[in-house]
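Asks: Provide a 3D model corresponding to the input given below.
(one chain, ligands or ions: 4)
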Amino acid sequence: MKRNLFVIAFLVVVSIILLMILVPGPIEVDDILPAEHWAEEYPDQYESYQRNLEMERTTFGGSEPYQYPEEYPFLETLYAGNAFSQDYRRSRGHPYALEDVINTERPKPAASCLSCKSSDYVGMLNEHGSEAAAMDFDEMSEIAVNPVSCFDCHRNEPGNPVVTRTHLNEALEHIEEGIDLGNLVCGQCHIEYYLHDDTKVVSVPWDRGYNAWAVEEETLARGHVDWVHPLTGAELLKVQHPEFETYMGSIHDRAGVTCIDCHMPEMVNEEGDTYSSHHWTSPLKHVEASCLGCHQETEEELIVRTEEVQGEVYEKTNRAAEMLVEFIEEFEDALDSGELSDEVIEQAREYHQRAMWRWDFVFVENGTGFHNSAFAMEILEEAMEYSQQGLELIQN
Ligand code: HEC
Ligand code: HEC
Ligand code: HEC
Ligand code: HEC
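Replies: Ligands and ions are numbered 1, 2, ... in the order given. As a prediction, the model looks like this:
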């Protein structure tokens, strides 16, 4: 009897030891394989990934990292009191992500700023749990070596794409409909978010859905504010890069097209084998591969049509910006004169907050409205209405 107990105990101990050896623990920073590791095994994907280092401008987009505040003087007023009014460059390719976040002059409140700039953040979360978020940015960015790289969409097994970011999986718990992986894999980072005030955890407020209005309501309901505008005292939210939220519900989304159909088209190498392009850039540089499977136009015609759509959004974005600047300046003067009642001030600040969210949602979205022009025009119209109502309120 005793002997049997001893054998059972022995077997249990042996199986535990075997399990510990065979089942790998969570991936740590040092386990993350860099892009170079795959250069020989997957030369086509790797070489196209290396092309993300190229920098080229298109009419409305591209990857030249020019400074927005120099290009758009109205940002000085619209972003006053926020570091985006000083240093805000157009985004460039994925391999630059880590160095660009380290070099920006904007403040980096915590290590969670690395969430979407480095694969290594996934390892940091595994090592330290959610406490990694609030750790020191400078210390943790010294440990990080990989920018956005293979691991972010494949872990250490290139092939099928996977979601590696827990902040997205948690947000998706609130969403009932299924979303194609071709949109989710990019939506890990190309979304609007904020850092939780205390824990600095990346927060994706999708409790009411992911459209612009639902995200605004939820963020405000949670009591989060990004900054207070120094000229009007309005509490404002700063939008980041809501490509996913903008794209969903668009003409192309409804036709079943996903981010990767346009941004990772199928290419053919010299041996005649096909592979997915890993050069994430303006699809207007490879219209034939991305678009002409569906569109009957020639490459030139489709670019003209696309830029017409973008041009309309661009014009309206600038008009909405000018109206908001006018409202802010008049509001500031009216505050200085001391003639506004508390109720009027409160109401006008809310109009400022609402107009700013709507305008910023289109301005910071990469794509200049192409991803969903109907949505962009609608929400810009609302931005203009809020500025107009604000002007009327303070002029009365
Ligand atoms: C129907 C094709 C199409 C789909 C689908 C699509 N895009 Fe785009 N995307 C474009 C075009 C066209 C541009 C504008 C490029 C330009 O202005 O030069 C663009 C621009 C961008 C840019 C800025 C790139 C640059 O160089 O200016 C980013 C980032 C981006 N898209 C991300 C996404 C994400 C994320 C998704 C999915 C949620 C997505 N796109 C879905 C066609 C598409
Ligand atoms: C931003 C996300 C992302 C990153 C980063 C990424 N991939 Fe991919 N990869 C994908 C997606 C999405 C597909 C599937 C494309 C499809 O099904 O059309 C894919 C497919 C592949 C495939 C399957 C064959 C093919 O070409 O479709 C291989 C191999 C691959 N990737 C290797 C790599 C390597 C190597 C790296 C790093 C140098 C890398 N990937 C980085 C998203 C990514
Ligand atoms: C892990 C986070 C992450 C994921 C996943 C990701 N991106 Fe990005 N993407 C970024 C960051 C960060 C930048 C800006 C880098 C910079 O400017 O330093 C960027 C920039 C871009 C650009 C602008 C590049 C240029 O030169 O014009 C495009 C286009 C783009 N991403 C498309 C995509 C697409 C399509 C997917 C999905 C297949 C995707 N991204 C997935 C983080 C990510
Ligand atoms: C899977 C098919 C498919 C792909 C791929 C596709 N499109 Fe489309 N596109 C459509 C459909 C369907 C419509 C709606 C009918 C129309 O307007 O032609 C549309 C509409 C458009 C419009 C008018 C949109 C608006 O907002 O008014 C433009 C511009 C356009 N596509 C450009 C592009 C570009 C550029 C690409 C490649 C980067 C592309 N499309 C890739 C199917 C596609």
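
Asks: Can you find the helix or strand in the protein with the smallest mean pLDDT?
Replies: When the helices and strands of the chain are scored by mean pLDDT, DSSP states H and E, helix 2-22 comes last with a mean of 72.

Asks: Need the CA coordinates for that helix. PDB is fine.
Replies: Taking Å, rounded to 0.1, in the frame of the first residue of the first chain, the C-alpha atoms of helix 2-22 are listed here in PDB:
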ATOM      1  CA  LYS A   2       2.700   2.400   1.100                       C
ATOM      2  CA  ARG A   3       4.700   1.300  -2.000                       C
ATOM      3  CA  ASN A   4       1.800   2.200  -4.300                       C
ATOM      4  CA  LEU A   5       1.500   5.700  -2.700                       C
ATOM      5  CA  PHE A   6       5.200   6.200  -3.200                       C
ATOM      6  CA  VAL A   7       5.000   5.200  -6.900                       C
ATOM      7  CA  ILE A   8       2.000   7.600  -7.500                       C
ATOM      8  CA  ALA A   9       3.900  10.400  -5.800                       C
ATOM      9  CA  PHE A  10       7.000   9.700  -7.800                       C
ATOM     10  CA  LEU A  11       5.000   9.700 -11.100                       C
ATOM     11  CA  VAL A  12       3.300  13.000 -10.200                       C
ATOM     12  CA  VAL A  13       6.600  14.700  -9.500                       C
ATOM     13  CA  VAL A  14       8.100  13.300 -12.800                       C
ATOM     14  CA  SER A  15       5.100  14.500 -14.800                       C
ATOM     15  CA  ILE A  16       5.300  18.000 -13.300                       C
ATOM     16  CA  ILE A  17       9.000  18.200 -14.100                       C
ATOM     17  CA  LEU A  18       8.300  17.000 -17.700                       C
ATOM     18  CA  LEU A  19       5.500  19.500 -18.100                       C
ATOM     19  CA  MET A  20       7.700  22.300 -17.000                       C
ATOM     20  CA  ILE A  21      10.300  21.300 -19.600                       C
ATOM     21  CA  LEU A  22       7.900  20.700 -22.500                       C
END
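
Asks: Only the buried residues of it, if you could.
Replies: Of the residues in helix 2-22, none has enough neighbours to count as buried (16 or more other C-beta atoms under 10 Å). (Glycine included, C-beta is placed from N, CA and C.)

Asks: Check the offset of it from the chain's centre.
Replies: Mean C-alpha position of helix 2-22 versus that of the full chain (C-alpha atoms, centre = their mean, to the nearest Å) differs by 49 Å.

Asks: At the contact with ligand 2, which residues of this structure appear?
Replies: Counting by C-beta under 6 Å from any ligand atom, the residues of the chain close to ligand 2 are 35, 38, 42, 45-46, 49, 148-150, 152-154, 158-159, 161, 185, 260, 264, 275-276, 278.
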